[in-house]
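S.K.: quick check, what structure comes out for this input:
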Amino acid sequence: MSTIELISIIHPEKKYPVKLEVRGSGTKKNVFFSPDNSYVVAIYKKDPDQVSMDRLKDLVQKYYNDLFNMEGGNVWKEHFCWPYDIVKSPKGKYGIVMPLYPSDFIFQAGDKKGIEKKGNWFTKPSIRKTIDPSERGNWRNMLFCAYNLARTIRRLHAAGLCHSDLSFNNVLLNPSNGKVQVIDVDELVVPGKYPAGVLGTQGFIAPEVIVNPNVLPSQQTDLHALACLIYQYLFCRDPLLGRKIHNEDATLDDFLSYGEKALFIEDRRDPSNKPKPEGYTPVDWSDVDKVPYTIAGPYLIPLFQKAFEEGLHNPSARPSASQWENALWNTYERIVRCANPNCSEKFFVLNKVKRCPFCGQTISQPLPVFDLFHRNNKNEWVFYNKQVYGGENKSLHKWHFFDNIYYSEKIQKKDVPSVAGLQWYNGAWYFKNIGLPSFTVTDNQSSKQLKPGEAIVLKEGMILENGEANGMQLKTKFI
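M.R.: Model prediction:
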């Protein structure tokens, strides 16, 4: 296949050959692949105006450097499909050079093979059932997708940017491993400098933008879209699309349902928009009665309430991306495996009755819960306000045993592998020390060292202490 050479307008000595075959086409751009498929070039159908060109230059230079050439920057390359150069074709058309989507975000099996993994494939129950089981994922991984999206938007907002069009179309996800990638960032908003080129996508546009044409996308409108995405990832239903009909004209009804009359389908104060039961199929666990948002646990419940009750028509009340990130991570620590091997979702947030909300299976054996403590400046053990819920083959990591190590973009690779684990054997839970050289187990006032490679039966009230600098205590109880 013949190729053409595109020349960088930022670094004129750089040239980008592409194959003369349109591999994708949108309303504004045509996409071409490099000969070795290492990058793609999106050529604009209509030349960008001066403001758009200035924005692109900032994106590929200033903001690229701020995001990717700082500590932890390599992590963000996995979460953004970010343009890194601007080119001009022999015919004078402008384009942007971007990485090729990783295979993680392209279906590898079934009748959707080769298609991008956009959110609506996994959140529309009728479509979700058609995905090859090997790529359908489970609830824990969807939660991790939501976590990764929240941290990605947190980083975007910290750079002073907003996306303006967060939706299923612009966030790729892989429920098999919990990865996400934000795409179509060439029209990012810089408040006060570069305005939004689009208002958003229906179902994700904030109500105030729909109601008032003078309100433009901002970080606050991003937060509405982020909450909508998280809710749909976890519950496979639109948070605002319920039984209420505001106008016989479908277009006007949508305008009201997502704008002036927007009402959360699980609003505690006004249940009038709760979906009709006949709107669900027998296999659809998105039923608000069977699987309410409250199954997400104590960290996420108040954020859904803030997002869709307090903040739906009051943008300043919406949870920040950082708040979502923290709540999703703490919720991830409370996930346990369902006892039913045929459960479609495999995992759930542990509740008092230990019953899976998706299939109804109850866990019969007691499950260990660890309260985390760290030393304050008076050398006293203080509750860290964090818990870790145990279960079969649960891995524990350095961030569970050191108060100065966190799972974040700055974590070092050496701190990621598991250092301890749990296993159910002969009616008891065993704790195994894998990689902690100074570790003490205290039970009924007697203490002993637990060396790497050794295991011990967990008991109620047992204290597990990491004796290294910045080490933490884990106090054991069972539920």
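S.K.: every contact and neighbour count from this point should use C-alpha atoms.
M.R.: Will do.
S.K.: how is the chain partitioned into domains?
M.R.: 3-99, 104-333, 368-478 (automatic domain parsing).
S.K.: okay, how far is it across the last one, tip to tip?
M.R.: Read it as domain 368-478. 5 Å (Cα to Cα, to the nearest Å).
S.K.: check the first one too.
M.R.: End-to-end distance for domain 3-99, by Cα to Cα: 18 Å.
S.K.: about what we covered before: check the domains of the chain for me and report the most buried one.
M.R.: Mean neighbour counts were taken over the domains of the chain using mean count of other Cα atoms under 10 Å, and the top value, a mean of 19, falls to domain 104-333.
S.K.: from the chain's centroid, how far away is it?
M.R.: On the basis of Cα atoms, centre = their mean, to the nearest Å, domain 104-333 sits 10 Å off its chain's mean C-alpha point.
S.K.: before we move on, what about stretch 361-376?
M.R.: Relative to its chain's centre, stretch 361-376 lies at 25 Å (Cα atoms, centre = their mean).
S.K.: same deal with stretch 13-25?
M.R.: 31 Å.
S.K.: quick check: end-to-end length of that stretch?
M.R.: Stretch 13-25 end-to-end distance (Cα to Cα) = 28 Å.
S.K.: how about stretch 103-122?
M.R.: 17 Å.
S.K.: now the domains of the chain in CSV, with mean pLDDT and distance to N340?
M.R.: Converted to CSV, the domains of the chain look like this (pLDDT from 0 to 100; distance: least, Cα to Cα, whole Å):
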stretch, mean pLDDT, distance to N340
domain 3-99, 93, 33
domain 104-333, 93, 13
domain 368-478, 95, 13
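S.K.: now those domains as JSON lines including distance to L350?
M.R.: Formatted as JSON lines, the domains of the chain follow (distance: least, Cα to Cα, whole Å):
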{"stretch": "domain 3-99", "distance to L350": "29"}
{"stretch": "domain 104-333", "distance to L350": "8"}
{"stretch": "domain 368-478", "distance to L350": "8"}
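S.K.: among these, which comes closest to R355?
M.R.: domain 104-333 (10.4 Å; Cα to Cα).
S.K.: what helix or strand is the residue nearest the centre of the chain on?
M.R.: With distances taken as Cα atoms, centre = their mean, A146 lies nearest the centre of the chain, 2.2 Å away. According to DSSP states H and E, A146 maps onto helix 139-158.
S.K.: just the residues contacting that helix, thanks.
M.R.: 76, 79-80, 162-163, 173-182, 219, 226, 229-230, 233-234, 320-322, 324-325, 328-329, 332, 335, 345-348 (Cα atoms under 8 Å, 6 or more residues apart in numbering).
S.K.: so which of these are in helices?
M.R.: By the criterion of DSSP state H, membership of these in helices covers 76, 79, 219, 226, 229-230, 233-234, 321-322, 324-325, 328-329, 332.
S.K.: identify the farthest-apart pair in the residues you listed.
M.R.: For the ones in helices among the contacts of helix 139-158, and using Cα to Cα, no pair is farther apart than Q219 and Y332, which are 25.4 Å apart.
S.K.: for the stretch 101-250 of the chain, what spans make up the strands?
M.R.: 171-174, 179-182 (DSSP state E, counting those that start in this stretch).
S.K.: so which elements touch the last one?
M.R.: The elements that strand 179-182 packs onto, with contact taken as 3 or more Cα pairs under 8 Å, 6 or more residues apart in numbering; DSSP states H and E, are helix 73-79, helix 139-158, strand 171-174.
S.K.: to L303, which of those lies closest?
M.R.: Using Cα to Cα, the helices and strands packed on strand 179-182 put helix 139-158 closest to L303, at 12.6 Å.
S.K.: could you give the angle of that closest one to helix 321-332?
M.R.: Following axes from the mean of the first three to the mean of the last three Cα atoms, to 10 degrees, one obtains 160 degrees for the angle between helix 139-158 and helix 321-332.
S.K.: the helix or strand containing K386 - contacts with which helices or strands?
M.R.: Following DSSP H and E, one finds K386 within strand 381-389. Packing partners of strand 381-389 (3+ Cα pairs under 8 Å, 6+ apart): strand 368-375.
S.K.: between strand 381-389 and the strand it packs on, find me the angle.
M.R.: Using the same axes, to 10 degrees: strand 368-375 against strand 381-389 is 150 degrees.
S.K.: what does strand 368-375 contact?
M.R.: 380-391, 400, 403, 429, 470-479.
S.K.: between whichever helix or strand K477 is part of and strand 368-375, how big is the angle?
M.R.: K477 belongs to strand 473-478 when assigned by DSSP H and E. Relative orientation of strand 473-478 versus strand 368-375 (the same axes, to 10 degrees): 160 degrees.
S.K.: note down every partner strand of strand 473-478 and its orientation.
M.R.: strand 368-375 (antiparallel), strand 463-466 (antiparallel) (DSSP bridges).
S.K.: could I get those as a markdown table with distance to K112?
M.R.: Converted to a markdown table, the strands paired with strand 473-478 look like this (distance: least, Cα to Cα, whole Å):
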| stretch | distance to K112 |
| --- | --- |
| strand 368-375 | 41 |
| strand 463-466 | 48 |
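S.K.: for K129, find the nearest of the ones you listed.
M.R.: Comparing the strands paired with strand 473-478 by Cα to Cα, strand 368-375 comes nearest, at 33.8 Å.
S.K.: ends of stretch 455-473, what's the gap?
M.R.: 17 Å.
S.K.: need the contact partners of that stretch.
M.R.: Outside of stretch 455-473, the residues within contact range by Cα under 8 Å, 6+ apart are 372-375, 381, 400-404, 428-433, 436, 438-444, 450, 474-478.
S.K.: check stretch 212-228 too.
M.R.: 150, 157, 161-167, 189, 191, 195-196, 199-200, 204-206, 208-209, 238-239, 304, 307, 312, 315-316, 318-321.
S.K.: run the last query once more with 6 Å
M.R.: 162, 164, 166, 204, 206, 209, 315 (Cα atoms under 6 Å, 6 or more residues apart in numbering).
S.K.: who's in contact with N376?
M.R.: By Cα under 6 Å, 6+ apart, N376 has no neighbours at all.
S.K.: what does P175 give?
M.R.: 137, 141-142.
S.K.: re the thing from before, out of the strands of the stretch 101-250 of the chain, which is closest to P357?
M.R.: Using Cα to Cα, the nearest of those to P357 is strand 171-174, at 22.9 Å.
S.K.: S2: neighbour count?
M.R.: Other residues near S2 come to 9 when the count uses other Cα atoms under 10 Å.
S.K.: do you know the pLDDT at it?
M.R.: Here, the pLDDT recorded for S2 equals 89.
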